[in-house]
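**Q** Give me a model of this one.
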Amino acid sequence: MKRAALYERVSTDAQAEKYGLGSQDRALKARAEERSYTLVSDGERDAFIDDSFSGSDVERPALGRLRQAVKGGHVDAILCYDPDRLSRNLSDLLLLTDEFERAGACVEFITQDTDASPEGKMFFAMRGAVAEYERAKIRERTIRGRLEKARQGKVISRVAAPFGYRYDPATSTLTIDEPEAEVVRLVFYLYTQEHLSMIKLADRLNRMGIKRPEDGRQWYLSFLGRLLRNEAYTGVLWQNRWRSEKISAMPGKKATIRNVQRPRGEQIMVTIPPIISREMFDAAQKRIEENLRLASRNAKREYLLSGLIRHACGSAMSGRTHQGRYFYYCVKSLSSHAPIDDNGQLLPCSCKWVNGATLEAVVWNTVTSLLKQPELLIEELEKLTRPNSITREALQSELKQIIKRLQEIPLEERRLVEGYRKGFYADFMMAEEKERVTREQATAEQRQIDLGQQLERLDRALTYRGRVEEFARRVGQGLDGMNFIERRELLRLLVDSVTYDDGQVIVRTIIPIDGGDSEAVQLYPTSQRIKERGRSPSLSLSPVEGERTCGLPLLSEDNPWITVMTGISVPHCQKPSVSSKPDYG
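**A** Residues are numbered from 1 along each chain as shown. Down below sits the predicted model:
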């Protein structure tokens, strides 16, 4: 008597109507009883069942156990309802049937008779090819329908609804779930206003008895991280964000699949009701970025400039202690972190090792001297209002480019329309291009308004003179009596970055000022535009009008700045000879 294994699979609810597990099970058991087969069980089940698994992937739990049973010689026949239940990929289908036959087990299907003749094998291959073609067409139609739905401003599915929102299937939109939205606002408030760490934030929510979404258990750090990084809470939901990409594997192993984020131009923006302001979201991102940069959880020893100092090559500098002395070195100077050229040769950075005590003293004295001599800051505020200031030149140059681009956009729109009339663009291509141009125009118009406001603030920069003096007076008290922790926290508050360049140190400083009223001042470092022009300013002061966070305004890189050069010579030293394992920071 033959030993038969029943294999059943269903992947979606729609398929369940046609190939439900119940209908497959009844048909397979009837065939086994008709031919007097003895059933081979899968544990406590009479059949090998893969529920909610795609037929395009052979890595399925029940199928894997079935293959092991066949390989072990425990199965003489495999009963399956239809070839596409076994696999929707023709090559996988042929591979499985060949594997089973080599192990001495035949494959039988309910919907078609198996025939070992050449004609039967050809017909079987044709059925597999049709199933694979059908799967590809279904996927193509599904993707096209989802993209068109997103272009109409609708939300594709309920999976896109983050915590704080509810999906309305009738209108394909997201609505605010007010109880959950209150929790979202609280999370952003505690993180940006009270400056709680992720761990303390999770602890606060758990102590307050606020249930975590999904399973109602305690809050955990990864969920809070995703929540704080989710731009959807500002009213902007990006769809079509991810695509699957196969990663080649070693010979004989299956390639893995990972999700890769698409370029922003390929993503589709949908407007939803906002829960928090853009300013609060930007403040959260700024703090997340700083926390990552300043993290010291992997350091065996703490260094004053950890997370702040970088070499001129762009790489971070790390601390290292040997025989009671400590140094700073460029990470890319190590062979294990050095880049490789086209010929496979290492290109380590030529940065010399720097005495840590000397370097830290230079940075500390530079920052404290600015606080003790506020007249230097006042002098730079006066330079800010000059017609040829670096700040004014950069803002005016960008404004000129923005105006030029806004003048070109109507011409580009007319060319698109003309190309569409001549049949150069399909409907979906025209919709995508029109959406891109409209989005670019809106961004440029908003940037034009922002630049105009910043140029206006330049003209009244001297009105912040009293606040600069007041801030320097308040912070400058007690500098000499600070311990290591207090000095490190002050540097992280006031210093954006420290750059070391062959003996020269450039300190880029932030000076926040609480004006005591609705208008706050933020002294903020130079934006990327100046860096790209080859300048290396060390101190940037930027007036900001905006919401205060714990007495300090929210940071913004789009405000004007002034610069003070403070390059100071710091001699390098020879790399210490290490005979024993040193401490790293």
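
**Q** what does the domain assignment say about this structure?
**A** 3-144, 158-245+258-294, 309-378+468-569, 387-461 (automatic domain parsing).

**Q** Quick check: mean pLDDT of the longest one?
**A** So that's domain 309-378+468-569. Here domain 309-378+468-569 scores 65 as its mean pLDDT.

**Q** now swap in the shortest one and tell me
**A** Along domain 387-461, the predicted confidence averages to a pLDDT of 81.

**Q** Same question for stretch 39-51.
**A** Mean predicted lDDT for stretch 39-51 stands at 92.

**Q** Only alpha carbons, please: show stretch 204-211 as CSV.
**A** In CSV, the C-alpha atoms belonging to stretch 204-211 read as follows (Å, rounded to 0.1, in the frame of the first residue of the first chain):
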residue,chain,number,x,y,z
ARG,A,204,7.4,57.5,31.7
LEU,A,205,4.7,56.2,29.4
ASN,A,206,4.7,52.8,31.1
ARG,A,207,4.5,54.4,34.6
MET,A,208,1.6,56.6,33.4
GLY,A,209,-0.3,53.4,32.5
ILE,A,210,-0.5,54.3,28.8
LYS,A,211,-1.0,51.1,26.8
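
**Q** For it, what is the distance to the chain centroid?
**A** Remark: stretch 204-211 is offset 27 Å from the chain centroid, using C-alpha atoms, centre = their mean, to the nearest Å.

**Q** swap in stretch 363-372?
**A** Worked out by C-alpha atoms, centre = their mean, stretch 363-372 lies 36 Å from the chain centre.

**Q** how about residue 207, phi and psi?
**A** phi -70, psi -30 (degrees, to the nearest 10).

**Q** brain fart, residue 404
**A** Dihedral angles (degrees, to the nearest 10) for residue 404: phi -60, psi -40.

**Q** any idea how far it lies from residue 416?
**A** Relative to residue 416, residue 404 is positioned 19 Å away (criterion: C-beta to C-beta, to the nearest Å). (Glycine included, C-beta is placed from N, CA and C.)

**Q** Can you pick out the residue with more neighbours from those two?
**A** The neighbour comparison of residue 404 against residue 416 (other C-beta atoms under 10 Å) goes to residue 416, with 18 against 10.

**Q** Please tell me how far stretch 333-347 is from the chain's geometric centre.
**A** Centre to centre, stretch against its chain (C-alpha atoms, centre = their mean), the figure for stretch 333-347 is 27 Å.

**Q** Using PDB, write out every CA atom in that stretch.
**A** C-alpha atoms of stretch 333-347 as PDB (Å, rounded to 0.1, in the frame of the first residue of the first chain):
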ATOM      1  CA  SER A 333      43.800  56.400   9.400                       C
ATOM      2  CA  LEU A 334      43.300  52.700  10.500                       C
ATOM      3  CA  SER A 335      43.700  50.100   7.800                       C
ATOM      4  CA  SER A 336      40.500  48.400   8.900                       C
ATOM      5  CA  HIS A 337      38.500  51.600   8.200                       C
ATOM      6  CA  ALA A 338      40.500  53.100   5.300                       C
ATOM      7  CA  PRO A 339      38.800  53.500   1.900                       C
ATOM      8  CA  ILE A 340      40.000  51.400  -1.100                       C
ATOM      9  CA  ASP A 341      40.800  52.700  -4.600                       C
ATOM     10  CA  ASP A 342      39.900  51.100  -7.900                       C
ATOM     11  CA  ASN A 343      42.900  48.900  -7.800                       C
ATOM     12  CA  GLY A 344      42.100  47.500  -4.400                       C
ATOM     13  CA  GLN A 345      44.800  49.500  -2.600                       C
ATOM     14  CA  LEU A 346      44.200  51.000   0.800                       C
ATOM     15  CA  LEU A 347      44.000  54.800   1.000                       C
END
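
**Q** Now do the buried residues in stretch 51-63.
**A** 53, 55, 57, 58, 60, 62, 63 (16 or more other C-beta atoms under 10 Å).

**Q** part of a strand, is the first one?
**A** Meaning residue 53. No - assigned with DSSP: H, G, I helix; E, B strand; the rest coil, residue 53 falls outside any strand and is coil.

**Q** quick one: it and residue 64 touch, right?
**A** No - using C-beta atoms under 8 Å, residue 53 is not in contact with residue 64; the gap is 10.8 Å.

**Q** Could you give the secondary structure assignment for residue 399?
**A** Applying three-state DSSP: residue 399 is helix.

**Q** my read: it touches residue 448, true?
**A** Yes - shown here, residue 399 and residue 448 form a contact pair, counting by C-beta under 8 Å, at 6.8 Å.

**Q** list residues touching both of those two?
**A** Residues touching both residue 399 and residue 448 (C-beta atoms under 8 Å, 6 or more residues apart in numbering): there are none.

**Q** Tell me where the model's unsure across the stretch 101-250 of the chain.
**A** For the stretch 101-250 of the chain, applying pLDDT under 70 flags the ranges 114-124, 127-128, 130-136, 139, 212-217, 245-250.

**Q** Identify each of the helices in it and give its residue range.
**A** 118-151, 178-192, 198-207, 221-229 (DSSP state H, counting those that start in this stretch).

**Q** can you pull the contacts of residue 371?
**A** Per C-beta under 8 Å, 6+ apart, neighbours of residue 371: 472, 475, 476, 479.

**Q** For the last one, grab the count of nearby residues.
**A** Residues contacting residue 479 under the criterion other C-beta under 10 Å number 15.

**Q** What helix or strand is the closest residue to it other than its chain neighbours located in?
**A** In space, and not counting its chain neighbours, residue 479 is closest to residue 368: 5.0 Å by C-beta to C-beta, 6 or more residues apart in numbering. Counting by DSSP states H and E, the element that carries residue 368 is helix 356-372.

**Q** can you give me how far that helix is from the chain middle?
**A** 35 Å.

**Q** my guess is residue 111 meets residue 84, correct?
**A** No - counting by C-beta under 8 Å, residue 111 stays clear of residue 84, with 9.2 Å between them.

**Q** between these two, which one's more packed in?
**A** Under the criterion of other C-beta under 10 Å, the comparison of residue 111 against residue 84 puts residue 84 first, with 23 against 12.

**Q** thought that one was touching residue 55?
**A** Yes - using C-beta under 8 Å, residue 84 is in contact with residue 55, at 5.9 Å.

**Q** could the helices of the stretch 101-250 of the chain go into TSV alongside distance to residue 6 and mean neighbour count?
**A** Below are the helices of the stretch 101-250 of the chain laid out as TSV (distance: least, C-beta to C-beta, whole Å; neighbours: other C-beta atoms under 10 Å):
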stretch	distance to residue 6	mean neighbour count
helix 118-151	20	14
helix 178-192	45	17
helix 198-207	47	15
helix 221-229	40	14
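
**Q** List the buried residues of the strand or helix carrying residue 29.
**A** Using DSSP H and E, residue 29 sits within helix 21-34. Neighbour-count burial for helix 21-34, counted by 16+ other C-beta under 10 Å, picks out 21, 24, 25, 27, 28, 29, 31, 32.

**Q** Contacts only, for the fifth one.
**A** So that's residue 28. Contacts of residue 28 by C-beta under 8 Å, 6+ apart are 6, 8, 47, 79, 80, 81, 110.

**Q** what's the farthest-apart pair in those residues?
**A** 47 and 110 (13.2 Å; C-beta to C-beta).

**Q** Among the two, which residue is more densely surrounded?
**A** Shown here are residue 47 and residue 110; by other C-beta under 10 Å, residue 47 has more neighbours (21 against 15).

**Q** Leaving out the residues flanking it, which one is nearest to the more buried one?
**A** In space, residue 47 is closest to residue 6, 3.7 Å off (C-beta to C-beta, 6+ apart).

**Q** so the one you found sits right up against residue 50, yeah?
**A** No - distance between residue 6 and residue 50: 12.0 Å, which falls outside the contact criterion (C-beta under 8 Å).
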